[in-house]
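Q: Build me a structure from this.
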Amino acid sequence: MVTQGYETILWRREGPYGTLTLNRPEQRNGITPTMMDELYACLSAAAADETLRVLVLTGAGHDFCPGADVKHYAAERRATDPETFKVAVLLHEMAAVTIAAIRGACAGAGLGWAAACDLRFASDTGKFNTAFLGVGLSGDMGGPWSLPKIVGAGKARELYLLPGKFDAAEALRIGLVNRVWADADFEAELRSILQRLEDSAPLALTTMKANFVAAEAMSLSEFIPFETQRHSALGGSEDSREAFRAFVEKRRPVFQGR
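A: Have a look, this model is predicted:
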């Protein structure tokens, strides 16, 4: 296991997995310019790492991220680097499958980051809010782009134009999160999901993620040949042949990433 520390985040690498933890628990992991800088640097390096298969984004303590640390920004004179707002792009487009593991507050930019991830899992302590209108802002981190794809255009507009807090059960009902678990079971259930991903064929997993990203910029007629070419290429891989053999032999496949 490799662990790397920053001032406001923690990065831990364990085999094919990385865990990025927002690490300002005393401030409920509220965002500062320094956190933005460190997140962008860490995620840029993660996106360039071809051996990384899954990245989990979570928060230290009892909260995921409530958005900006308003008190900090009120006193902070240093402007946030506009380039770092591409954190949401990195979460959405990197080759690794990205997972938001949500406890407690998930609001504002924090909600935007969660929405940019491939999968969202919440503890029953989760509390959600777009929050921007309440502080006189229009929003950042790509929420108006990502949320309509998750909950539908009308519901996404409602969440932004008529903001308010809602719990994990409601987040599950509207499709914002994939699953909700009791807080006491959260770590074990998340580990089970990670194990399922670890047991998956790595080439197929990353190609599948890439297919979803590519499809967003294509018509169906453009996407089908693109998808078919990749599907056919994987059909000739060692991993695919191993999966077929394992199925016939009624055993668990052993993938090599080739």
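Q: just checking, what packs against whichever strand or helix holds residue 88?
A: Secondary-structure assignment from DSSP states H and E places residue 88 in helix 87-93. When contacts are defined as 3 or more C-beta pairs under 8 Å, 6 or more residues apart in numbering; DSSP states H and E, helix 87-93 sits against helix 33-47, helix 109-116. Yep, even glycine has a C-beta here, placed from its N, CA and C like the rest.
Q: if you set the cut-off to 10 Å instead, what comes out?
A: The contact analysis (3 or more C-beta pairs under 10 Å, 6 or more residues apart in numbering; DSSP states H and E) places helix 87-93 against helix 33-47, strand 54-59, strand 97-102, helix 109-116, helix 143-151, helix 202-215.
Q: Redo these as CSV? Include mean neighbour count and mean pLDDT.
A: Converted to CSV, the helices and strands packed on helix 87-93 look like this (neighbours: other C-beta atoms under 10 Å; pLDDT from 0 to 100):
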stretch, mean neighbour count, mean pLDDT
helix 33-47, 19, 96
strand 54-59, 24, 98
strand 97-102, 26, 98
helix 109-116, 28, 98
helix 143-151, 19, 97
helix 202-215, 16, 94
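Q: Compare the ones you listed and give me the one nearest residue 131.
A: Nearest to residue 131, of all the helices and strands packed on helix 87-93, is helix 109-116, at 7.6 Å by C-beta to C-beta.
Q: how big is the angle separating the closest one from helix 33-47?
A: Inter-element angle recorded for helix 109-116 and helix 33-47: 10 degrees (by axes from the mean of the first three to the mean of the last three C-alpha atoms, to 10 degrees).
Q: Give me the angle between helix 109-116 and strand 54-59.
A: Helix 109-116 runs at 160 degrees relative to strand 54-59, counting by the same axes, to 10 degrees.
Q: moving C-terminal of helix 109-116, what's the next helix or strand?
A: Following helix 109-116 in sequence order, the next helix or strand is strand 119-123 (DSSP H and E).
Q: how distant is the next helix or strand after that next one from the center of its chain?
A: Per DSSP H and E, the first helix or strand lying C-terminal to strand 119-123 is strand 127-129. Its chain's C-alpha centre and that of strand 127-129 lie 16 Å apart, by C-alpha atoms, centre = their mean, to the nearest Å.
Q: May I have stretch 19-35 exported as PDB, CA atoms only?
A: Only the C-alpha atoms of stretch 19-35 are listed here, as PDB (Å, rounded to 0.1, in the frame of the first residue of the first chain):
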ATOM      1  CA  THR A  19      -8.600   6.300  -2.600                       C
ATOM      2  CA  LEU A  20      -8.700  10.100  -2.600                       C
ATOM      3  CA  THR A  21     -10.000  11.500   0.700                       C
ATOM      4  CA  LEU A  22     -11.000  15.100   1.200                       C
ATOM      5  CA  ASN A  23      -9.200  15.800   4.500                       C
ATOM      6  CA  ARG A  24     -10.600  18.800   6.300                       C
ATOM      7  CA  PRO A  25     -12.900  17.000   8.800                       C
ATOM      8  CA  GLU A  26     -13.000  19.900  11.300                       C
ATOM      9  CA  GLN A  27     -14.500  22.000   8.500                       C
ATOM     10  CA  ARG A  28     -16.700  19.100   7.200                       C
ATOM     11  CA  ASN A  29     -14.300  18.900   4.200                       C
ATOM     12  CA  GLY A  30     -15.200  22.400   2.900                       C
ATOM     13  CA  ILE A  31     -13.400  23.400  -0.200                       C
ATOM     14  CA  THR A  32     -10.500  25.900  -0.300                       C
ATOM     15  CA  PRO A  33      -8.300  27.100  -3.100                       C
ATOM     16  CA  THR A  34      -5.500  24.900  -1.700                       C
ATOM     17  CA  MET A  35      -7.800  21.900  -1.800                       C
END
